[in-house]
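Novice: Fold the following and give me the result.
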Amino acid sequence: MILYFYTIGLMTKLSVNVNKIALLRNARGQNQPDLLAFSRQCLDLGAQGITAHPRPDQRHIRYDDLSLLSGLLQGVASAEFNIEGYPSETFIEAVLHARPDQVTLVPDPPEALTSSFGWRLPEQMDLLIPVIRRFKAAGIRVSIFVDPDMDLIAYLPLLETDRVELYTYDYVHQYEAGPESAIAPFKSFAKAVSELGIGMNAGHDLNLDNLRYLVTEIPQIQEVSIGHALVGDALQLGLPATIEAYLACLK
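Specialist: A predicted model of the protein is given here:
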């Protein structure tokens with residue numbers, strides 16, 4: 001199946017989450033490091049997209065960054081802009097203004113340090129359905145952040161989401177103990193999602209140690225969003241070598 005995936009010219013895309021760059025910039029109240037310059041360099045080095053996740057306190061990505069990043073991405077052929085976040089009205093309006101290629105809806109509360117669980121279905125259907133419809137009506141692809149829970153499968157068609165993003169925390173933190181057992185629930189879930197005709201992304205704690213195995217075992221994954229580990233690697237390896245290494249894992 002992997003051979004077929006390559007034959008039709010598809011590979012998992014790398015979207016670089018630039019939140020940590022914005023966090024460093026904000027620490028001194030200046031434009032250093034330059035968020036747009038860093039994002040552009042990632043794209044020039046071969047990354048296929050940029051991800052930004054604004055939070056209510058704007059401690060890293062700020063809402064006024066979104067339109068600037070959108071303008072940057074529009075000038076780079078085939079590159080995509082993905083905005084993640086909880087669908088508050090402020091977030092919704094900011095996304096509609098920035099017009100990214102994709103919005104990823106994440107159920108994290110305002111005080112969360114990072115995303116740590118997927119949407120609870122069917123309990124949160126009434127929240128998600130009108131938001132998904134609103135974004136799709138604006139021509140924005142929608143993905144929702146989910147755990148690999150087979151009980152969710154029956155509800156995904158009702159949401160009419162374009163994609164799901166696999167929350168890969170459990171895979172990453174069980175990987176060293178046994179890759180096969182760590183990936184097993186994700187493979188089963190991915191197969192069921194694919195049979196529904198829904199696309200698939202993945203993200204959270206992915207790094208150079210565990211990424212290749214994930215996309216080899218689940219070639220349906222269309223995009224991975226990676227930020228924290230990638231920025232940490234870039235501090236040691238340099239950004240060009242880091243982007244090259246992550247892209248090599250995806251080929």
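Novice: Look up the closest residue to Glu165, ignoring the ones flanking it.
Specialist: Asn201 (4.2 Å; CB to CB, 6 or more residues apart in numbering). Using the backbone N, CA and C atoms, a C-beta is placed for each residue, glycine as well.
Novice: same deal with Gly199?
Specialist: Arg163 (3.8 Å).
Novice: and what of Gly139?
Specialist: Spatial nearest neighbour of Gly139, excluding adjacent residues (CB to CB, 6+ apart): Arg99 at 7.7 Å.
Novice: before we move on, what about Ile243?
Specialist: Closest residue in space to Ile243, ignoring its immediate chain neighbours: Leu45 at 4.1 Å, by CB to CB, 6+ apart.
Novice: The one you found: neighbouring residues, count only.
Specialist: 17 (other CB atoms under 10 Å).
Novice: any idea how far Ser39 is from it?
Specialist: Distance, Leu45 to Ser39, by CB to CB, to the nearest Å: 11 Å.
Novice: What of Glu93?
Specialist: For Glu93 relative to Ser39 (CB to CB), the value is 22 Å.
Novice: So between those two, which is more surrounded?
Specialist: The neighbour comparison of Glu93 against Ser39 (other CB under 10 Å) goes to Ser39, with 26 against 11.
Novice: What is the burial count for the spatially closest residue to the more buried one that is not a sequence neighbour?
Specialist: Nearest residue to Ser39, sequence neighbours excluded (CB to CB, 6+ apart): Ile50, at 4.9 Å. With neighbours defined by other CB under 10 Å, the count for Ile50 comes to 29.
Novice: cool, and Val193?
Specialist: 22.
Novice: If we go by neighbour counts, what in the longest helix along the chain is buried?
Specialist: Determined from DSSP state H, the single longest helix within the chain is helix 179-195. Buried residues in helix 179-195, defined by neighbour count with 16 or more other CB atoms under 10 Å: Ala182, Ile183, Pro185, Phe186, Phe189, Ala190, Ala192, Val193.
Novice: Same question for stretch 60-74.
Specialist: Buried-residue list, stretch 60-74, by 16+ other CB under 10 Å: His60, Ile61, Arg62, Tyr63, Asp65, Leu66, Leu69, Ser70, Leu72, Leu73.
Novice: Which residue in those has the weakest pLDDT?
Specialist: In terms of pLDDT, the lowest of the buried residues of stretch 60-74 is His60, showing 92.
Novice: Now do that one against Ile129, distance only.
Specialist: Distance, His60 to Ile129, by CB to CB: 29 Å.
Novice: again with Ala154
Specialist: 15 Å.
Novice: same question, Ser70
Specialist: Applying CB to CB to Ser70 and Ile129 gives a distance of 26 Å.
Novice: need the next SSE after the lowest-mean-pLDDT helix or strand in the chain, C-terminal direction.
Specialist: Counting by mean pLDDT, DSSP states H and E, the chain has its least confident helix or strand at helix 2-7, which shows a mean of 34. Later in the chain than helix 2-7, the nearest helix or strand by DSSP states H and E is strand 13-17.
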